[in-house]
Each structure stands twice: as structure tokens, then as C-alpha cells.
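Visitor: need the 3D shape of this:
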Amino acid sequence: MISIKKELTVETTQENAFRVFSQQMNLWWPRSHHVGKTPMAKMVLEARQKGRWYSTHEGGQECEIGYLQVYEPNSRLVLVWQLNGEFKHDSSLHTEVEVNFIIQGPEKTLVKFEHRHVETLGKAVDGMNQG
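Guide: Numbering: from 1, shown residues only. Predicted coordinates:
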């Protein structure tokens, strides 16, 4: 199994880091990172077990990315990524993005990311590993 791991320390509480990541994804998701045919209007993660993960676009288009598999408030999320190596939705594809929120201090949280099973994405992994 091949995985991509990243870490980021944020100057906020664990609870706030989790909330911003899971309930306000639209605030921090780069507008240039989408798979729609028109500009992205909004990135949405339904913050509940089996919640949808998708983007909406100008003109009303929706693009599925995956869904939320594990929802452990304030500490952990596991998202299922269902975009193939050409960044097209494939409901049979199942790679996982695990995100852990670890308290480092009263106003400091370590956010650890691991995208697992990326070998199924082919050459697209090279670009993902850069970001």
C-alpha cells in the first residue's frame, strides 16, 4: 500500500481546527482545485457519517469527490476519495484520506493527513505528492 502523508500545525484549538476543516471546507479549499467544467462555487463536506463530499459550480453542476466514512468529532475523519487518476468520479474507487487532529497546546493543533491506497491512481499520484 502506498500512502501520502503530510502534517500541518495550526494556531487554534483542536475543536476549532476540526470544525473549520469538516464544516467550513468551503472557506479554505483552493478555488483552483476542482474537477468541474465551470468555476467552483462551493466545496461541501456533509459533516456526518456517510455524508457527501462534493463541489458545486457556476451553472448548477455538482461534482462528486467521495464521502465521509468515519466521523469522530474533534479528533478524526476518514474521507473516501473517489476520483480516479484522471480526476473523474469513479464510485468503485476507494482510496482513503485520514485526518487526525492532535492537541499540541491550548491554542495549537497538529493536523496529520494520510491518503492511503494511492497506487490505484496511477501517475496522478506524482502531482498529489507535491501539494
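Visitor: where do the helices sit along the protein?
Guide: Assigned by DSSP state H, the chain shows helices spanning 14-23, 25-28, 124-130.
Visitor: what average pLDDT does the first one get?
Guide: Looking back up the chat, that one is helix 14-23. The average pLDDT for helix 14-23 rounds to 97.
Visitor: list the buried ones in that helix?
Guide: Under the neighbour-count criterion of 16 or more other C-beta atoms under 10 Å, helix 14-23 has 14, 16-19, 21-22 buried. The way it works is simple: take the backbone N, C-alpha and C, and place the C-beta from them, glycine included.
Visitor: and what of stretch 87-105?
Guide: 93, 95-101.
Visitor: just give the number of residues close to Arg76.
Guide: 15 (other C-beta atoms under 10 Å).
Visitor: what's across from it in the sheet?
Guide: Glu72, Asn100 (DSSP bridges).
Visitor: so how far is Val35 from it?
Guide: Plainly put, Arg76 is 26 Å away from Val35 if you go by C-beta to C-beta, to the nearest Å.
Visitor: one more: Lys42?
Guide: Applying C-beta to C-beta to Lys42 and Val35 gives a distance of 14 Å.
Visitor: now the common contact residues for those two.
Guide: Ser55 (C-beta atoms under 8 Å, 6 or more residues apart in numbering).
Visitor: Leu8 contacts Thr109, doesn't it?
Guide: No: if you go by C-beta atoms under 8 Å, Leu8 and Thr109 don't touch, sitting 9.1 Å apart.
Visitor: which of the two has more neighbours?
Guide: Thr109 (23 against 10).
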